[in-house]
Structure formats: C-alpha cells, structure tokens
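Asker: below: sequence and its predicted model.
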Amino acid sequence: MAAFKTVSASGRSRMDYILLGAMIGLVIIGALCVMSAVNSFSLANGVVRTHLVALVLGSAAFVAGWSFNYQIYDEQWKAVYGVILALLVGVLLFGSYQRGSRSWFVFPFFSMQPSEICRVCTILVAAAFLDRRGRRIRDASTLFGLGCLLAPVFGLIMMQPDFSSVVVTFPALLVLLYCTGVNVFYLGLIGLFAGVTGFFTITWTYIYLHPELADYWLVHAFYELAHNPWYMAGFSALITLAGYGAWWFFKQLRIFLPSFYFVLATLVVLAGLFGGIFVDHQMKHHQRKRIETFLAPKSDPKGAGYNVLQAQIAMGAGGVFGKGLFSGTQSRLGFVPERHTDFILAVVGEELGLWGTLSVLGLYLLILWRIIVVAYSSSDRYGYLVCAGIFGMFFTYMLVNFGMLIGIVPVAGIPLPFISYGGSNLVASSLALGVVQSVYARRIKA
Amino acid sequence: MAVTKIFFNARLKVMMALAAAAGAVIALRLVDIQVLRHNAYLQMAERNRTQVLYQTAPRGRVFTADGVAVASNEPAFSLYYLGGNKDPEYLERLAHDFAPRLRLPAPLMLEKLQLGAKSGKATLLAENLSTKSTVALQELQLYYPGIYLIEETKRSYPYGGFASHLLGYLGSMDDRAWRTRDLKMGYRLNSKLGKNGIEKKFEKELKGKDGGVYLEVDYRGRVKSIIEDKKWAAGSDVYLTLNFAVQKAAEEGLKTSKTGRGAAVALDTRTGALLALASAPAFDPNIFVAYSDEENPNQSKKINEYNLAVQGIYPPASTFKIITAAAALEDGHLDVDRKINCPGHYDSGPRVFKCWGTHGPVDFFDGMSNSCDVYFYTVASQIGAASIERVQRLFMFGRQTGIDLPGEKAGNLYGPTRRARNKTYWFIGDTLNLSIGQGELLVTPLKMAQFGAAVASRGNVYRPYYVDKIVSNQTGKTEQVGKTEILQKADLKPETYDLLFKALKYTVDNGTARRVKIKGLDVYGKTGTAQNPHGPDHGWFMAFAGLPGEEPSIAVAVFVEFGEGGSSAAGPIARSMLEAYFGLGAYAPKPRAAEDYKELLPEEHSHGGV
C-alpha cells in the first residue's frame, strides 16, 4: 500500500461536513467563552492570542490528519509507538515542573503537553495491535499483549504524574476493546479489577479523611490492610480461599464452569487489592479531598467542594438564556476557578444559558454520532477500530466534563476539547477528528 | 466479513445508545440546574458578588418645646472587612496593623476577621469612629483592598445628661430584642435600639430606614464597582413639652444642691404638660454610643437609671399642711382669724407632740407661713382625720399620676378609712401625724407637682404628659401625641381655694418660703422638711406662680434627699426654675452688651491693637 496515497476524487464527498460543522460550532462557542472567561485576567490579551494561534495550529493538525491516509499508522505503528515513548521519556527528562507534575515542554514562544498528543497516538497504536490479532481477538492473550504493550506508556504517564490523562485514555481503550469484539468476560474482569481498586481506594480515602472511624477495630483492621504486609498476606489468603470455595460450590451445584475462570477472577481481585494499595500510596491529599467532595459535596463548601459549587451556581444563575457574553458575574469576578480550562462549561452555562450548554452537548452528541457513522462506513477493520477508540475518547471527555459539573463524576481536571483554552489539547483533538475524516474520505466504494 | 460486520454493528449500536442515554441524563440535569433551580442559584450568585455595607439612618431628633434639639445625630465612621481575601497571613497582617489604630487587642481583631473570612460577608470591625481617627485608617485602606470605611451617623446628646431619665438611651440588639424584631423590620446585628425612655417608647418612629452601599466585589473581596447607593431616610422628630431653661435650671440646681440627690418637677398648671422633670444623679446617654474600645467597652458601662422623680416615695411633710388646711376650710368650722397659741408643744393626752419652734398665738395665715405644727395639730384634732383623708382622695393621693413613664410608684394614702381596711386601729396620734404630713403618708416628687398644679388650677388633677407631637421628616406630617387630660376634679369651695392662695402667697411673702419671693411674680409656695429616722431630713419645696393678676401658670415641686431644710435646700432650685420659666432674675434677657460682640470683632481690635 502506498504510503502517501492522496485523497482521490471519486465523485463523492471526501469530507463529512456534519462532523466538520459540529467541530467548527464548538470552536466558535469555545473561542467566545475563552475570551469572556479571561476578560478580567491581567494577561487576557496574551491568553486570547495564544488561543487563536492554537486554533490555527489545530486547523493544520486537522488538515494533516485528514489528508494523510490513516492506514499509514497501521503499517508504521512501531514508529508511532516509538514517538510516544520518546515524547514521554523526553518530557520526564527535559520537561518543566509545574503544579506538582512534570508534563510540559517549555519552548521560547510556546509550551506543549505531550501527553495530549500521546493519547491520540496510543489509540492508533492499540488499534493497530488489535487489528493484527485477527481471529485470536477473543483470546485472553490479546488483552495480555495489549496490557504489556501499553504498560510502559501508562507507566511513563504516571511518573509525571498525570492522572487525568490516564482517566481519559483508559475508558477510550475499553470502548475500543469492546468494539473490537473482545470477550465480554474479560472486559468484565477488567471492570472487576477497576471496581475492586476503586472500592479499596475510596474506602481507604474515606477512612483517611475521617480518622475517628478507626476507633472500631474492624475499620482499623481494614485500614491496616493498606499498610501492614501481614494483613495483606492474610487477606490475600482469604480471597484465594474464597475463590476455591466458589469453584467447589458451583461443582456441588453441578454447574460446570471452566476452572481457569475462577483462577482468573481470584487473580483479578488480588490484583485489584494491590492496585488499590498502589493508588492509595500514590495519592496526594488534594486528590483525596476531591474524592471526598464527590462522595459528599456539601461536606466542605468553602474548601474542596467550593469549585464544583461555584461552577453549579454559575450555571444555575445563567438560566435559560444566560446573562450574555462578558456579563457572567461568577466567572468575571473570579468565583469560578479554572474557568477558562476545566470549568469552561460553567462559563458557557452562565453566559449563554441552557441554550449554550445544550448546544455544546448536542454538538458533542453529533460528533459522536458521526464518528460511529464513519466507523460503520470504514473500508477496513483498522479504520473502524481507530474510530471506535476516538469515539471512546470524546465520549469520555463529554461524560467527565458535564458529569463533573452536574455532580455525577468527581472533579478530574480535564479540558473540554474545542471549548477549553489549551493548545495541546486542541491540536490533539483536531488531529483525532482529522483522522476520522481521513477514514471517511477512504470509505467503502460501492 | 459480513458476519463480523453485523457483530460490529451490534456493539456500535450499544455504544451509541450509551452515548444517547448519557446525553439525555446530562440534558435533564442541565434543565434541572438551569431552569428549575435557576432562582436559587441566581440568588447565590448575587450573594457572592454583592456586599452590602449598611448605613445607619439618622434617628429622629428630640426637641424641647422651645425648639432646642436635645438628642440629635453626628457623623461617625464604620470600618468593614469585605471577607474576600481569606489568606490567614493577610488577616494576621491586617489585625496587626489595624488593632493599634482602633485601640483593640490584636487577637480579638484577628478573631473578628477570621469569622468574617469564614462567612464571606462584610463584617463590621469598628463603628462610631470619630472623623479624626479615620484619617489614618483611610490611608491604610489603600494598602488593604478588602477594607472599607463608610460614613454613618450616630446618636448624640449635645447637652449630655439633659433630661436623661426622660430621653433614655440606646443599646445593642440582644436576644430579647431579636425576639420581637428582625431583618425585615430593618434591624441588623449591630443595630442600636432604644432601651429606655423616649428612645424606647418611640423606637418605631425615631428609627429611620437604613441606607446601604451595594458593592460588587470579586472573589478576593476587592471592590469592583458600586451597584447601588441607597440613601437612608431619617426617622421622625419628637417634640417634648419640656422647657429647656426650666429643665436646665432644675438639673443644675439639683447637681449643686447639698447632697446632689433629689428630683425637681415642673408642670404647666393650665394643661398638665411637663415643663421639667429632673432626677439626680443623672447619667450621660452619650457613653453608650461612644466608640467602644478595649479599655472602655460599652457593655461594662453602668448608669444610674433610678428616676427619683417617679420612683422615689417620701413623706410630704409640711407641704401636706395645705391638705389639712383645705379639709378644715371645707369643714366650715375654721375661723381663719382665730388665734391658737403655740407654746412649742401639743399635749394630745397619751403623748406630747413637739412643734419645730415656739410661735406664740398664730392665726391661719401665720400658721401656714410659719408652718406651725401646733396650729395644725389643733385644727386636725377638731375636724378629725376622716375629712383630711377625704381631701387626700380628692387630690388622688396614693394613686399614680398616670404619666407615661416606667416604674411609677403610687405612694401611700394615709387615713382612718385606709387603716380600717387593714383591720388595725386609728389613734389620735395618727391624726396629728397626718396633719403635718408625716407617718405612713408617701408621695413621689411628681405627685407633689401634680398636687401643686391641681391647687393652682383650682382642682384640676392632670395626668402629666411630656410628648407634644411627632413630626415626620419624610412626609412632614405632624402627629399630635400629648393632650390635656384631667383625671379628677378636686371640687372644693371657691372660698377654700381663695384662702389657700392667700395663705400660700403669704408664706412666700412673709414666711418660710421667702426664698422664692420673686419681684414681678405672684408666687405661692410651701416648704417641707420630712423627718427621716435613718439620717438627715429630706427637703421639700412646692410652689406655683403666675404673672401678677393672672392665674398661676407653672407649678414646681423640688425634693432634695437628705437636704435637711426644705427652704434652704430645695428653695433655691425652685426659685431658679421659676425665674427660668418667666425669664426673670438671672434668666432675664440681657441687653446685648459689647461683650457679646467681642468674638465677632477681628482679633487686633479686641486686644486694643499693637
């Protein structure tokens, strides 16, 4: 296959204009809201200028993603993988240390966050790997292999550390796996792992933030599980015993399930436990507070819950029609924190009202729908997989950003693509949609 | 390939369905937040951005009848912290810098700041700051953007303790005050309200509508703009019936009297309006509205609220002889010219009663003017105590005067009927004691003035009043509050009053009440010295006066506790009150002497030039 096959005129549209239109709509709303949000900053002009430059770069990335044949990523996936590792290692070596993490390259005129572009590349690489599995796609080895392949990537990201990048990439990969046709039992195991890890993390965090609970010996013993190796060993033995007991129980019931299912399940629960222990040891105090805020938003309205509460106040105050651009008091006077990045939706809600937020939501759903249409019309399996992964990525962005504001997801600090201020994210997201357009341009000829 | 395709489609559909479901949930919640809860959130947003600095409205002024403002307002400043910047270090710096200028301890200041930071609302740090002390603060305000200085007004009483027992004073809101008042009525945590006297009684009218500056602030409490500057509306003015000069004369007289303790009351005998009501010791209500600092906190200030004029009850002593005389004259058996010999004592049988002097043969007028006890013992034993008691009842002794002041005492009526109700016996000695106003008989100084006014007006027992009208500063409408009310008519024969007038005038002209003899006035008066088994005697003086040939127009009653002599202790006070009322003697309008113009002249001239 030719490496640089240009888009050829085949009598049909080479561009999905609905997808493009939705994207442009978001960018316009975003640019207006960023301008409004930073209006009161002392460096407002600089921020707006940077955003406009990012828009130009984003357009370039979009055109590039669209014009290049996406199949090249499939062929040269090792090179893409190499780029990811190089960027991530590079940022750890040469990146600048900001706000407790080393995730930025700082150049004389601009700075860049490599994990954004890596996120898209990871999807391309994972899709290429899955494409090569062919008929073995339902085997456990597929998952294991992908895990081994991506472990260094996640490891490097965690070394920055950049939790939010993981938070977006992981669900995107799950969606990709699901759409690939991976055995649902294995996905269930992954879910189980995540669930067990999450359960231990959240429970321990809760106990950590409420030390008075540790007066009960059971709670105390549970909390010790995270720190005392003897407790860990004992509890692991208990889990193993429980796995064996379940196998024996089903045997008695004359329900014959493959015994390695039980072995796997036991191993996953154990992995979950240790994953929880690992996360618990890694977490910083402010991250614990975020979890608590999510569990009980009203517990600390002046502290950790302040951000979400102020963002909700801003949205609610906007009402149906909003207060008009540049007129939102919550954002203009600085009550909404991070209003030009993570909480940009609050600005949309306050200044443009329900129509604004519903428009953004609608445009996102439109994008998701078009990505699925493109996936359906893809001429090959790789295009389909790439679209599925990118769908998962945008779905996660939408879910986390809206969910954070309406209080169904903890605060994660993730920008909203095309709306938020942030060049790296804009360029990476534009590239992703460019790739989707590339898949569309080379769809089934029939 | 085709099979795979169908399989893919199924999973793609699941994903799209998931996305649609998520979108629906999000949309519903957005409608919930932005439409259904819009008002609540809008209010929160408004609360976030606005800080209200209330400006206390000027309270209505209080005027005397002759137009002197005895309670008014003066500018004062309040210092607010807007509660934006919550940085603990910033607060500490603030407390450290401001505390010495406000004369407050830094820890207390820090505590206030932290409280304000926690609430996120404008917090009052200090109020009633004088204009002088604000200069330094105004400069500091520039360095601390979260600090705001605002002009307000505060109550002031220009004449200090003038009529303090009538005016009352202001206090802070306390638990009891909150029970009946709230924000809707315009009361705030740092509002002041009347705690006594007129300030309390006319709280509703005096209190104006507070104004406020509505500021737009950012999340750090920095003022961005002024949204609205709501002007205050001053309260209504209260006009009293008091006569400034008479009240002043009464207060100064009491203050400089022998013991500095007592009461002086003056009533208009034609209307029952109060012209003066003074009780000593008095207090200065200004102390409660002064700046409250560390060394001198307002809460710990104590005052003498005891209003002796209506709460002190004492035997009326010789002033009561007027009643005895009236009873005897009414009885018809008294020959005013018949002389009774006073050997200095009176033998009642079981006991010998003493007179305060040896007067020899005295007729009615001499008996009154010399206040001869023996004369009245003799008369009383002839007419009997019951008729004296009857006249007492006519003048409503033992009953409250009905003045609108808290805690008024009724005093005590004394006589055989009263005694019979208590199921004890009445002896001749009681009659004699009664005749000269000793024993169980007790009256307040106000009662004595009411009695004086009743005699002067030939029988009108007035209910005294001291508030004339209330004038609104907003509408200019006048509400008449006080009006003449005659509680009872003491219907004695006209000849009785004629003779009493004659005797009382005689007492002033030639007798014990000579101290109130004023040229150009017809003065009628009677002294009294109440025996006090616990210490020095109390001095009484009751008088009424009018211009020559006219009906009397003012009645005064002066009481000096432990003053010993009625004439010596209470007389001068009564005299200066009468002079003040009629503008005579020391109060006579002076011809404008050169001295008065001196201050108007340029400096060089007054010093004779250099």
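Answerer: Noted; the coordinates are in hand.

Asker: any stretches of the chain with poor pLDDT?
Answerer: This is for chain A. Scanning chain A for pLDDT under 70 picks out A:1-12, A:292-304, A:444-446.

Asker: try chain B instead
Answerer: Residues of chain B that meet the cut-off, pLDDT under 70, sit at B:1-9, B:83-85, B:120, B:182-184, B:292-301, B:590-610.

Asker: for chain A, what's its nearest residue on it.
Answerer: Going by C-beta to the nearest C-beta, chain A is nearest to residue B:41 of chain B, at 2.4 Å. C-beta here means a position set from N, CA and C on the backbone, and glycine is covered the same way.

Asker: next one: that residue from residue A:329, what distance?
Answerer: 12 Å (C-beta to C-beta, to the nearest Å).

Asker: which residues are common contacts for these two?
Answerer: Jointly contacting residue B:41 and residue A:329 under the rule C-beta atoms under 8 Å, 6 or more residues apart in numbering or on different chains are residue A:317.

Asker: quick one, domains of chain B?
Answerer: B:51-240, B:310-468+B:479-587 (automatic domain parsing).

Asker: highest mean neighbour count out of those?
Answerer: Highest mean neighbour count of those: domain B:310-468+B:479-587, a mean of 20 (counted as mean count of other C-beta atoms under 10 Å in any protein chain shown).

Asker: what about that domain, distance to the chain center?
Answerer: 27 Å (C-alpha atoms, centre = their mean, to the nearest Å).

Asker: spit out the contact partners of residue B:369.
Answerer: Contacts of residue B:369 by C-beta under 8 Å, 6+ apart are B:503, B:506-507, B:510-513.

Asker: need the residues you listed in CSV (columns: distance to chain A and secondary structure).
Answerer: Output for these, formatted as CSV (distance: C-beta to the nearest C-beta, whole Å; DSSP: H, G, I helix; E, B strand; the rest coil):
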residue, distance to chain A, secondary structure
B:503, 82, helix
B:506, 84, helix
B:507, 79, helix
B:510, 85, helix
B:511, 82, coil
B:512, 78, coil
B:513, 76, coil
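
Asker: farthest-separated two in these?
Answerer: Using C-beta to C-beta, these span at most 12.0 Å, a distance reached by B:503 and B:512.

Asker: which bits of the stretch 151-300 of chain A sit near chain B?
Answerer: Counting by C-beta under 8 Å from any C-beta of the partner chain, the residues of the stretch 151-300 of chain A close to chain B are A:175, A:178-179, A:181.

Asker: of the residues you listed, which belong to helices?
Answerer: Among those, the residues falling in helices (DSSP state H) are A:175, A:178-179.

Asker: please spell out the ChimeraX selection for the buried subset of the residues you listed.
Answerer: Selecting only the buried entries of those in ChimeraX, with 16 or more other C-beta atoms under 10 Å in any protein chain shown as the criterion:
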select /A:175,178,179
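
Asker: columns distance to residue B:275 on top of the ones in helices among the residues of the stretch 151-300 of chain A next to chain B, output as a markdown table?
Answerer: As requested, these are exported to a markdown table (distance: C-beta to C-beta, whole Å):
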| residue | distance to residue B:275 |
| --- | --- |
| A:175 | 95 |
| A:178 | 99 |
| A:179 | 101 |
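
Asker: what does the helix or strand harbouring residue B:100 contact?
Answerer: Using DSSP states H and E, residue B:100 falls within helix B:88-102. Contacts of helix B:88-102 with the rest of the structure, by C-beta under 8 Å, 6+ apart, involve B:79, B:81, B:85, B:104-110, B:113-114, B:117, B:125-126, B:129, B:133, B:136-137, B:140, B:144, B:146-147, B:293.

Asker: which one is the residue of chain B closest to chain A nearest to, not counting chain neighbours?
Answerer: Excluding the flanking residues, the one nearest residue B:41 by C-beta to C-beta, 6 or more residues apart in numbering or on different chains is residue A:316, at 2.4 Å.

Asker: what helix or strand is the one you found located in?
Answerer: Judged by DSSP H and E, residue A:316 forms part of helix A:306-318.

Asker: other SSEs contacting the helix or strand following that helix?
Answerer: Counting by DSSP H and E, the next helix or strand C-terminal to helix A:306-318 is helix A:329-332. Counting contacts by 3 or more C-beta pairs under 8 Å, 6 or more residues apart in numbering or on different chains; DSSP states H and E, helix A:329-332 packs against helix A:17-38, helix A:306-318, helix A:344-377, helix B:38-49.

Asker: the same query, at a cut-off of 6 Å, please.
Answerer: Under the contact criterion of 3 or more C-beta pairs under 6 Å, 6 or more residues apart in numbering or on different chains; DSSP states H and E, helix A:329-332 touches helix A:344-377, helix B:38-49.

Asker: next, the angle helix A:344-377 makes with whichever helix or strand comes after the longest one.
Answerer: Yep, that's helix A:344-377 we're talking about. Once the chain leaves helix A:344-377, the next helix or strand it forms, by DSSP H and E, is helix A:381-406. Here the directions of helix A:381-406 and helix A:344-377 differ by 160 degrees (axes from the mean of the first three to the mean of the last three C-alpha atoms, to 10 degrees).

Asker: now look at helix A:381-406 and say if it contacts chain B.
Answerer: Yes. Using C-beta under 6 Å from any C-beta of the partner chain, we find that helix A:381-406 touches chain B at A:395, A:399, A:402, A:406.

Asker: need the contact partners of the helix or strand just after that helix.
Answerer: Using DSSP H and E, the helix or strand that follows helix A:381-406 in sequence is helix A:423-441. Helix A:423-441 is contacted by residues A:7, A:14-16, A:23, A:54, A:57-58, A:61-62, A:65-66, A:70, A:112-113, A:116-117, A:120, A:371, A:374, A:378, A:383, A:387, A:390, A:415, A:417 when judged by C-beta atoms under 6 Å, 6 or more residues apart in numbering or on different chains.

Asker: quick one: buried ones out of the residues you listed?
Answerer: Buried among these (16+ other C-beta under 10 Å): A:14, A:16, A:23, A:54, A:57-58, A:61-62, A:65-66, A:70, A:112-113, A:116-117, A:120, A:371, A:374, A:378, A:383, A:387, A:390, A:415, A:417.

Asker: which secondary structure elements does the helix holding residue A:316 contact?
Answerer: Going by 3+ C-beta pairs under 6 Å, 6+ apart, helix A:306-318 lies up against helix A:344-377, helix B:38-49.

Asker: rerun that using 7 Å as the cut-off
Answerer: Helix A:306-318 sits against helix A:329-332, helix A:344-377, helix A:381-406, helix B:38-49, with contacts defined as 3 or more C-beta pairs under 7 Å, 6 or more residues apart in numbering or on different chains; DSSP states H and E.

Asker: list the contacts for the closest residue to residue B:393 other than its chain neighbours?
Answerer: Spatial nearest neighbour of residue B:393, chain neighbours left out: residue B:413 (7.1 Å); criterion: C-beta to C-beta, 6+ apart. Residues near residue B:413 by C-beta atoms under 7 Å, 6 or more residues apart in numbering or on different chains: B:392, B:397-398.

Asker: now, which of those lie within helices?
Answerer: residue B:392.

Asker: adding distance to chain A, write the contacts of residue B:413 out as CSV.
Answerer: Below are those laid out as CSV (distance: C-beta to the nearest C-beta, whole Å):
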residue, distance to chain A
B:392, 72
B:397, 68
B:398, 66
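
Asker: what is the burial count for the residue of the stretch 251-400 of chain A found nearest chain B?
Answerer: Of the residues in the stretch 251-400 of chain A, the one nearest chain B is residue A:316, at a distance of 2.4 Å by C-beta to the nearest C-beta. Neighbour count of residue A:316, defined by other C-beta atoms under 10 Å in any protein chain shown: 27.
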